[in-house]
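Participant: Quick one, what's the 3D model for this:
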Amino acid sequence: MADNPARTLTLDVTILGRDFKVACKQDERDALMEAVALLDRRMREIRDAGKVSGTDRIAVMAGLNIAHELLRERRSAAVAESSVPAKVGETFDAEAARRRIQAMQATIDETLAGQENLF
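Facilitator: Numbers count the residues shown, from 1 in each chain. Model (predicted):
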């Protein structure tokens, strides 16, 4: 009988020495185990730094750190995506790019012109 990737599993996981039962789809097992390892590692780092005590507080701090990183990555991805043409057929404005490069070059030249007297 073939494995059903949509089948729900119950896994026993350990985070910061505490055991938990977690349900997930069979095809999400590896991703869940990776998330468990990340959370466990972050919680241990926070605990070992000695600045936060108590498992609940350590868990909240780890969660906040991970959420902050996720949001930062999403913002970076959104900025990168906004600078790329939205559609495959969308054209690139080469003339606008050329004008922008010339303006940047002029700014660089002006800045460096005053530096000649320093050397």
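
Participant: use CA for all of it now, contacts and neighbours both
Facilitator: Fine.

Participant: In a helix, residue 11, correct?
Facilitator: No. Under DSSP: H, G, I helix; E, B strand; the rest coil, residue 11 sits outside any helix and is assigned strand.

Participant: give the contact list for it.
Facilitator: 21-24 (Cα atoms under 8 Å, 6 or more residues apart in numbering).

Participant: Take those and keep only those in strands.
Facilitator: Among these, DSSP state E puts 21-24 in strands.

Participant: tally of neighbours for residue 4?
Facilitator: 10 (other Cα atoms under 10 Å).

Participant: And for residue 93?
Facilitator: If we define neighbours as other Cα under 10 Å, then residue 93 has 8 of them.

Participant: Same check on residue 63?
Facilitator: Neighbour tally, residue 63, other Cα under 10 Å: 15.

Participant: and if you look at residue 95?
Facilitator: Every residue meeting other Cα under 10 Å relative to residue 95 is counted, giving 9.

Participant: do the same with residue 57
Facilitator: When neighbours are counted by other Cα under 10 Å, residue 57 comes out with 14.
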